[in-house]
Every structure is written in structure tokens, then in C-alpha cells.
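# any chance you can model this:
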Amino acid sequence: MKKLSRTNTALLLTFLVIVWGVNWPLSKMALNYAPPILFAGIRTILGGLILLIFALPRYKSLRFKETWHFYLISAFLNIILFYGLQTVGLGYAPAGLFSAIVFIEPVLLGIFCWIWLGESMYGLKIIGLILGFAGVAIISGGGFTGDISAIGIILALGSALSWGLGTVFIKKTGDRVDSIWLVTLQLIMGGLLLLSVGTSVESWSNIQWEMPFITNLLFISTFVIAFGWLAFFTLIGSGEASKVGSFTFLIPLIAILCSSFFLQEQVTLNVIVGLLFILISILFVNIKLKSQTVLESGL
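Residues are numbered from 1 along each chain as shown. Take a look at the predicted model:
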């Protein structure tokens, strides 16, 4: 995949940060109208069907018999686990807080890239990783005093873990599949499985098809799911993974602000301090010192 221009990179990052930030309070609001797993399945399969319109003209790039396992693994990590755990978890924790824990993912990504992709591990990155886990611990502290659900924290960490593993998988195998087909099929495959699970454990009659829910669902399916994932994997595939990681710290900030405004969620001191640790952590993990860059270029 060819490298993006600075302008296109900036536009995609801005779009991604905004839509993925507002996604958290919107998803929390949608759960007032629909059971979590069915909602996760409906929004992901709708997103996949929207992208199918753009993928079909590229049918020659699909090569499904050769590459089906890549789509299936990506769907399991990035959709079934990520959205399944996330949507259920939002029922146990405030949206802003939940997003802050999930966005420890860039820190996990730094570890996974070191283990599986051979990326360097240097002093600043190690300090960043320690600060990141400290931030999650501070935010999660309320889970053991009853202020925050421990189940919500575990589901948020599981969501971050699956996303981190899914992103490494894409970085490692993304050149073997077409990016649009990858996003499209992982959404459709993941959405179908979520719908089947939701149908067996939840009831379709509990969905309230009212205008606020329909509007919310269409916005999330189109902009957050379909075009959000497409933007994310376009940035990852063009060599912008570190830049995506360093900018995603803005997403929980937007999520917390929007959740405070729309849902009147309280912003506590431990959330602020913990989030600050996470922000510094993510910056440390993704910023390369000039000396480190020179050293790597000489290897």
C-alpha cells in the first residue's frame, strides 16, 4: 500500500479520532433501546454491507479460497471479541471510563510489536509501558471499592487485548489481502456470529425501533464501523501505525467529554489522574528519540 500524504494522513486521523470518540457515549445510549450482543451484531453487519458496495468492484482482489483464514482470524479478534466485550462491558461501566481503559491498546500494541514484529524496545518505551499499566490501575481502583464494576474493567481490558492482537495480525498479514475486502468481510463474518449468539441468548422483541435508536445505529454503522475501520487499516497499512497509536490518546478524551455532556457522567479525580498516566504512557511508547532513529537506520 502506498504511503499517504501528510494532508490525507491528518484528515484520516482527525476523522478517526472524532467518530471513535463520540462512539462511546452513542453506544451507551443505544443500549437503552437494544440488548448488547444483538446491537453489536446489527451495527457491525450493517457496516460490512455498506462497505460491500465499495468492495464488490474489486472482486478480483478477494481471492477468498486462498485468504479466507485471514478474514476469519481478523473477524474473531477485531470484531467478535472487540465489539462483543465492548458492548457488553458498557452496561457495567461509564462510557468515558470504559474507553479510557480500552485505549491502553496502543501500549499493548507496543509490547506485541516488540514480541512478534521485531520492533525495538528502548528505555523511553519501557517507562511508557509501566506508566500505562499504572494508569489503568489508578482508573480501575474504584472497581475494588464498589464505585466501578470490576466486571466492566475486565471486559474493557479484554477488549483492548483483542484489539491489540488484531492490529498486530493486520500489520503482519495485511499485504496478503485487499484492505477493503479485509474490513468488509471481517465485519460481515463477525456481525453474523454476534447476531447468532445474540439471537440465542437475547430477544429481538426487546429492541425498541424508535427514531433515536435508528439514527444512532445508522451513524455508528456508517461512520464509526464502516469508514472508521477502513480509515484505521488504511493508516496501519500505509506505515502510519506509530502515528495512529500516538494520536488515539485523544479518543478517550473526546469520549469522556461527550459522555459528561450527553450522559452526565461524573469525571472523578482518579479517572483524570489515571488518564493522564495513560496519555503520557502512549506518547512515550510512540515517540522515538532522534538517537534511537539513527541507531535503527544503521542496522
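
# backbone phi and psi for the residue sitting nearest the centre point of the chain, please?
The centroid of the chain falls nearest to residue 163 when counting by Cα atoms, centre = their mean (5.9 Å). Note on residue 163: backbone dihedrals following degrees, to the nearest 10 are phi -70, psi -40.

# what's the answer for residue 203, then?
According to degrees, to the nearest 10, residue 203 has phi -120, psi 130.

# who's in contact with it?
residue 35 (Cβ atoms under 8 Å, 6 or more residues apart in numbering). Heads up, the C-betas are built off the backbone N, CA and C, glycines and all.

# next: residue 178.
So residue 178 contacts 55, 58, 61-62 (Cβ under 8 Å, 6+ apart).

# the stretch 101-250 of the chain: helices as residue ranges?
According to DSSP state H, counting those that start in this stretch, the stretch 101-250 of the chain carries its helices in the segments 105-116, 123-140, 150-173, 179-201, 211-219, 227-237, 241-247, 250-262.

# a markdown table please, covering those and showing mean pLDDT and distance to residue 75.
Converted to a markdown table, the helices of the stretch 101-250 of the chain look like this (pLDDT from 0 to 100; distance: least, Cβ to Cβ, whole Å):
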| stretch | mean pLDDT | distance to residue 75 |
| --- | --- | --- |
| helix 105-116 | 81 | 18 |
| helix 123-140 | 81 | 27 |
| helix 150-173 | 90 | 9 |
| helix 179-201 | 94 | 4 |
| helix 211-219 | 97 | 20 |
| helix 227-237 | 85 | 11 |
| helix 241-247 | 63 | 20 |
| helix 250-262 | 83 | 22 |
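
# distance to residue 99 for these - can I get that in JSON lines?
Output for those, formatted as JSON lines (distance: least, Cβ to Cβ, whole Å):
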{"stretch": "helix 105-116", "distance to residue 99": "11"}
{"stretch": "helix 123-140", "distance to residue 99": "11"}
{"stretch": "helix 150-173", "distance to residue 99": "8"}
{"stretch": "helix 179-201", "distance to residue 99": "20"}
{"stretch": "helix 211-219", "distance to residue 99": "17"}
{"stretch": "helix 227-237", "distance to residue 99": "14"}
{"stretch": "helix 241-247", "distance to residue 99": "15"}
{"stretch": "helix 250-262", "distance to residue 99": "4"}
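
# and of those helices, who's closest to residue 49?
Closest to residue 49 of the helices of the stretch 101-250 of the chain, according to Cβ to Cβ: helix 179-201, at 7.1 Å.

# show me what counts as buried in that closest one.
Residues of helix 179-201 classed as buried: 179-195, 197-198 (neighbour count, 16 or more other Cβ atoms under 10 Å).
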